[in-house]
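**Q** only geometry, no sequence info:
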């Protein structure tokens, strides 16, 4: 009113009031008043809640009245199929796009990856086929050195390998109000087309307060053949990592206690966050490595916009191994820049904690195997167990095992995991041994 010019700093204003006329008029008033005076007006007025998003020299900021979030139900999530991709939408805004193919889904160098979007604006936050290093694509999983009994294969740059999409798994998927689950089968093939590793990659989306989106990434890997698989690669070439759509003005935030080991590699931390701008809006993506993943673990943060965590591990034939990462996407990045606020955010929003413990054994039960101790077992010749233990999984390594003491009638509680097998597999290749 004073200048006759349009409002420049205010991004958008949402108002909930007693009727549409009041909401419309208040939205205009709050836009003109600005964030401080606008929020004060909305807070004083009965039956009124508001959310404001604006720009200042520090970036884009968001503020709400005390009761706004309680009135907003999460928008229904839905999958939208496309040619060579599948999108997840919240209402009319994209949340992610999983690239499953295109012209040649099984071509050398192809990998399945997922683009991430700002839940508030719908802007694409991740990139692919960018220079330098066009093999960095969105949110990706892989290792540079994957070794089995026949050789070592590069499933990072993918010069002569493929991560081929093998279909979604409908009975593991869902989409509803404020949450969704996507599960895809991926075959890691070498230059001859042989499947070296089979993967089930699961993405779980959960809508959080203030327009934030939490994504839990699960990669369930199984050896494709009958020999052990070793997953290796340095901090820049393995694990789960993210490539941003921009290379300009990126700032990485880390928790206190992080140790700089040189060459953009950090240890002693559980998460890293990237602060950047897309389309003039400030953004943040937080990447957290699940505490149940193998250790030691390293974080890589490159100035051109690629960051994530990496560790080494082994896959035993017939035994699936599961790795997890957690991602938080937030369009109000600058407000979260202090490391102490990010620490609280990572613990509160991502809830990084061990899975629930199994049902405790009843009184008087004998624990025959607790994930580490094998002393209650012997081979037929009386020798101690020669079977191998990796991350609490006891894998057969030749010879039968017997309890070191006799048992009469008893109740047994046994936990085992059978991998998902291809249709052509049979016998012990399907996780069956007798």
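**A** That came through fine. Note that the structure is a prediction, hence the values are computed from the model and not measured.

**Q** which stretches of the stretch 301-434 of the chain form helices?
**A** Secondary structure of the stretch 301-434 of the chain (DSSP state H, counting those that start in this stretch): helices at 339-350.

**Q** low-scoring stretches of it, by residue?
**A** Applying pLDDT under 70 to the stretch 301-434 of the chain flags the ranges 332-359, 391-392, 416-434.

**Q** same thing but 80
**A** 331-362, 370-372, 390-393, 395, 414-434 (pLDDT under 80).

**Q** spatially nearest residue to residue 288 (excluding sequence neighbours)?
**A** Nearest in space to residue 288, with sequence neighbours left out and distances taken as CB to CB, 6 or more residues apart in numbering, is residue 271 at 3.9 Å. Every C-beta, even on glycine, is put in place using the N, C-alpha and C of the backbone.

**Q** what are the boundaries of the strands in the stretch 251-400 of the chain?
**A** 251-253, 259-262, 265-267, 271-278, 281-289, 298-302, 306-310, 313-315, 321-330, 377-378, 388-390, 393-395 (DSSP state E, counting those that start in this stretch).

**Q** which elements pack onto the longest strand along the chain?
**A** Taking DSSP state E as the criterion, the chain has its longest strand at strand 195-207. Counting contacts by 3 or more CB pairs under 8 Å, 6 or more residues apart in numbering; DSSP states H and E, strand 195-207 packs against strand 93-99, strand 145-148, strand 179-189, strand 213-223.

**Q** please convert those to a markdown table, extending it with mean pLDDT.
**A** Shown next, in a markdown table, are the helices and strands packed on strand 195-207 (pLDDT from 0 to 100):
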| stretch | mean pLDDT |
| --- | --- |
| strand 93-99 | 96 |
| strand 145-148 | 97 |
| strand 179-189 | 96 |
| strand 213-223 | 94 |
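
**Q** could I get those as CSV with distance to residue 385 and mean neighbour count?
**A** What follows is these, written out as CSV (distance: least, CB to CB, whole Å; neighbours: other CB atoms under 10 Å):
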stretch, distance to residue 385, mean neighbour count
strand 93-99, 42, 21
strand 145-148, 25, 20
strand 179-189, 31, 21
strand 213-223, 22, 21
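
**Q** determine the longest helix present in this structure.
**A** Secondary structure assigned by DSSP state H gives helix 20-33 as the longest helix of the chain.

**Q** next structured bit after that one?
**A** helix 35-44 (DSSP states H and E).

**Q** list the buried residues in that following helix.
**A** Neighbour counts over helix 35-44 (16 or more other CB atoms under 10 Å) mark 35, 38-39, 41-42 as buried.

**Q** how close does residue 374 sit to residue 125?
**A** In this view, residue 374 and residue 125 are 47 Å apart by CB to CB, to the nearest Å.

**Q** show me which of these two is the more surrounded one.
**A** residue 125 (25 against 18; other CB atoms under 10 Å).

**Q** skipping adjacent residues, who's closest to that one in space?
**A** Closest to residue 125 by CB to CB, 6+ apart is residue 116, at 4.9 Å.

**Q** now swap in residue 390 and tell me
**A** Using CB to CB, 6+ apart, the closest residue to residue 390 is residue 314 (6.0 Å).

**Q** neighbouring contacts of stretch 28-45?
**A** 1, 7, 9-10, 13, 15, 17, 26, 48-50, 52, 54, 61, 63, 65-66 (CB atoms under 8 Å, 6 or more residues apart in numbering).

**Q** just the buried residues out of the residues you listed, in ChimeraX syntax.
**A** In ChimeraX, a selection of the buried entries from the contacts of stretch 28-45 looks like this (16+ other CB under 10 Å):
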select :10,13,15,17,26,48,49,50,52,54,61,63,65
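
**Q** mind checking which of the contacts of stretch 28-45 are in helices?
**A** Mapping the contacts of stretch 28-45 onto helices (DSSP H) picks out residue 26.

**Q** which of the contacts of stretch 28-45 fall in strands?
**A** Per DSSP E, those map to strands at 10, 13, 15, 49-50, 52, 54, 61, 63.

**Q** returning to that earlier point: same list, the strands of the stretch 251-400 of the chain, but as JSON lines with mean neighbour count and distance to residue 177 please.
**A** JSON lines is the format used below for the strands of the stretch 251-400 of the chain (neighbours: other CB atoms under 10 Å; distance: least, CB to CB, whole Å):
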{"stretch": "strand 251-253", "mean neighbour count": "17", "distance to residue 177": "31"}
{"stretch": "strand 259-262", "mean neighbour count": "10", "distance to residue 177": "42"}
{"stretch": "strand 265-267", "mean neighbour count": "17", "distance to residue 177": "38"}
{"stretch": "strand 271-278", "mean neighbour count": "22", "distance to residue 177": "27"}
{"stretch": "strand 281-289", "mean neighbour count": "24", "distance to residue 177": "24"}
{"stretch": "strand 298-302", "mean neighbour count": "22", "distance to residue 177": "34"}
{"stretch": "strand 306-310", "mean neighbour count": "25", "distance to residue 177": "30"}
{"stretch": "strand 313-315", "mean neighbour count": "20", "distance to residue 177": "36"}
{"stretch": "strand 321-330", "mean neighbour count": "22", "distance to residue 177": "19"}
{"stretch": "strand 377-378", "mean neighbour count": "16", "distance to residue 177": "49"}
{"stretch": "strand 388-390", "mean neighbour count": "14", "distance to residue 177": "39"}
{"stretch": "strand 393-395", "mean neighbour count": "16", "distance to residue 177": "36"}
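
**Q** relative to residue 96, which of those is closest?
**A** Smallest distance to residue 96 across these (CB to CB): 8.9 Å, for strand 321-330.

**Q** packing partners for the closest one?
**A** Where contact means 3+ CB pairs under 8 Å, 6+ apart, strand 321-330 is packed against strand 213-223, strand 238-243, strand 281-289, strand 313-315, helix 339-350.
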